[in-house]
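1. what follows is a predicted protein model with its sequence.
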Amino acid sequence: MDSLAEALLAGAGPGEIGRHELPTEFEAAHILASDVGMFDGVADKDVRKSLHVGQVPMPDIAPDEVVVAVMASSINYNTVWSATFEPVPTFEFLKRYAREGGYAARHDLPHQVVGSDAAGVVVRVGAGVRRWKVGDHVVASCVQVDEQEPATHADAMLGTGQRIWGYETNFGGLAHYSVVRASQLLPKPAHLTWEESAGVLLTAATSYRMLVGDNGARIKQGDVVLIWGATGGLGAFAVQMVKNAGGIAVGVVSSERKAEVLRRLGCDVVINRNEIGLDGDDALTPERTIELGKRLGREIRRQVGEDPHVVLDYIGRATFGISVFVVRKGGVVVTCGSSTGYDHHFDNRYLWMNLKRIVGSHAANLQEQAECNRLFRLGHLSPILSEVFPLKEVGEAARLVQLNRHTGKVGVLCLAPEEGLGVTDPVLREKIGVARINPLRGSGAPSSAEVC
């Protein structure tokens, strides 16, 4: 371990942190450009074969960037996409970005450090950074934007220069150190540990924009909200937000074990998709889509008495046609992804004749992220961490997510040597209670030994 990392783990203050040189190399989870094509013709694209953990060079930082010593990170599905080189190899993003020249050219490397979440300590700041200083405890947003682009100042997600860090850029969060823009940072919730904090911002802020913010469904008291994959990262945060807003959460899951987890989160209606014939087929015929939509609609009406106002759908091809069918007249389907495929099919009659709307949503702008982070800092949202792996076992962690054998968020310890570190407000932590902070710990998530 380098001397800077040793000083941080020994509790060094800002002055001492600044006296230590940045290491020239550091440990990171990364993929290799030379591996692109390794899964051609392979049915099981096992991410454990393409995710490498080893030394990578420390990049220079731009004036508007900081170096964060990453204590913990987490697995998001974009890391699975990166490691399977689908739908396109992410090295194409890096080459395109590098063509802008200047500091962007650093990103085009034969390796890509992946990961789009991080919690850690600021150890260096660029000459143009104003709001952050060495020693600050921070969480990193996944969104990088161009502050000089006009659209950014209306809604950063509309800017053409918007990129997802650690997916469309290099130097991501599954590493001992990461380079991020100062505009990606928010204060770490003081009552949470490193690993708890590292698993919230990407998925929680995405759910916030989809459901709560002005750019999404703007749910209100009494709204019935159908949430597909309700124990995943997006879904489990969505359940909490619907409950906080006074809505009625209807969660769909794939097993009884996940159903029990969902009840623990306080979801009002829990539907095991297998029990009503929603077997996950991602190539439904139009007739089958309508049949399953009617079946799901009957079950929701049986338990709630009415159809959903809003459907949160990040599953994609396997569910989207059903979502459009089942949402009520005038209702909204909000989508932010397509983990089962991007080619969606739905019967447009049920959309236009019933005045339904489809809203596309992607990540969240910094204001939405700050509002979401505030809810964590106040204790009104809880992490949904279910299992934690060391960085050396990042492949096993990503494999859990790839096979959908996880619940909530899967954390990864980077520089933090063990769980439970990083709490600077133990009074608030005790007031909220560990059980409430960690509702999914001990939820029966499979261990790495169970992942095949």
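-> Structure received.
2. going by C-alpha atoms from here, please, whenever you check contacts or count neighbours.
-> OK.
3. quick one, strands of the stretch 151-300 of the chain?
-> 163-164, 177-181, 185-187, 224-228, 248-253, 269-272 (DSSP state E, counting those that start in this stretch).
4. hmm, who's touching the first one?
-> The contact list for strand 163-164 (Cα atoms under 8 Å, 6 or more residues apart in numbering) reads 116, 142, 143, 144, 145, 169.
5. show me where the stretch 101-250 of the chain has helices.
-> If you assign secondary structure with DSSP state H, counting those that start in this stretch, the helices in the stretch 101-250 of the chain sit at 194-197, 201-211, 233-244.
6. any chance of those in CSV, with mean neighbour count, mean pLDDT and distance to residue 25 too?
-> As requested, the helices of the stretch 101-250 of the chain are exported to CSV (neighbours: other Cα atoms under 10 Å; pLDDT from 0 to 100; distance: least, Cα to Cα, whole Å):
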stretch, mean neighbour count, mean pLDDT, distance to residue 25
helix 194-197, 32, 98, 23
helix 201-211, 27, 96, 27
helix 233-244, 25, 95, 32
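7. residue ranges with poor pLDDT in this protein?
-> Scanning the chain for pLDDT under 70 picks out the ranges 280-282, 442-452.
8. any idea which residue of it is furthest from its center?
-> Of all residues in the chain, residue 353 has its C-alpha farthest from the mean position, at 34.6 Å, by Cα atoms, centre = their mean.
9. so what's that residue up against?
-> For residue 353, the contact set (Cα under 8 Å, 6+ apart) is empty.
10. distance check, it against residue 26.
-> Between residue 353 and residue 26 the distance, using Cα to Cα, to the nearest Å, works out to 57 Å.
11. got it, and residue 70?
-> Counting by Cα to Cα - residue 70 and residue 26 are separated by 11 Å.
12. overlap of the contact sets of the two?
-> Jointly contacting residue 70 and residue 26 under the rule Cα under 8 Å, 6+ apart are 175, 176, 177.
13. now those residues as a markdown table including neighbour count and distance to residue 228?
-> Below are these laid out as a markdown table (neighbours: other Cα atoms under 10 Å; distance: Cα to Cα, whole Å):
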| residue | neighbour count | distance to residue 228 |
| --- | --- | --- |
| 175 | 31 | 31 |
| 176 | 26 | 34 |
| 177 | 29 | 34 |
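14. and for residue 212, nearest residue in space, chain neighbours not counted?
-> For residue 212, ignoring the flanking residues on the chain, the nearest one in space by Cα to Cα, 6 or more residues apart in numbering is residue 218 at 4.6 Å.
15. which single strand of the protein contains the most residues?
-> The residue-count maximum for a strand in the chain (DSSP state E) belongs to strand 65-74.
16. CA atoms only: put that strand into PDB for me.
-> The C-alpha atoms that make up strand 65-74 are tabulated as PDB, following Å, rounded to 0.1, in the frame of the first residue of the first chain:
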ATOM      1  CA  GLU A  65     -10.900  17.900 -11.300                       C
ATOM      2  CA  VAL A  66     -10.000  16.300  -8.000                       C
ATOM      3  CA  VAL A  67      -8.400  13.000  -7.000                       C
ATOM      4  CA  VAL A  68     -10.500  11.000  -4.600                       C
ATOM      5  CA  ALA A  69      -9.000   8.200  -2.500                       C
ATOM      6  CA  VAL A  70     -11.900   5.700  -3.000                       C
ATOM      7  CA  MET A  71     -12.800   3.900   0.300                       C
ATOM      8  CA  ALA A  72     -15.700   2.000  -1.300                       C
ATOM      9  CA  SER A  73     -17.600   1.700  -4.500                       C
ATOM     10  CA  SER A  74     -20.500  -0.500  -5.800                       C
END
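17. direction included, what does that strand pair against?
-> With DSSP bridges as the criterion, the sheet partners recorded for strand 65-74 are strand 118-125 (antiparallel), strand 177-181 (antiparallel), strand 409-413 (antiparallel).
18. what residues sit buried inside that strand?
-> For strand 65-74, burial by neighbour count (16 or more other Cα atoms under 10 Å) applies to 65, 66, 67, 68, 69, 70, 71, 72, 73, 74.
19. just the angle for that strand relative to helix 201-211, thanks.
-> The directions of strand 65-74 and helix 201-211 differ by 90 degrees, with axes from the mean of the first three to the mean of the last three Cα atoms, to 10 degrees as the criterion.
20. mind listing residues that contact strand 65-74?
-> If you take Cα under 8 Å, 6+ apart as the criterion, strand 65-74 is touched by 5, 61, 115-126, 128-129, 173-182, 194-195, 198-199, 409-416.
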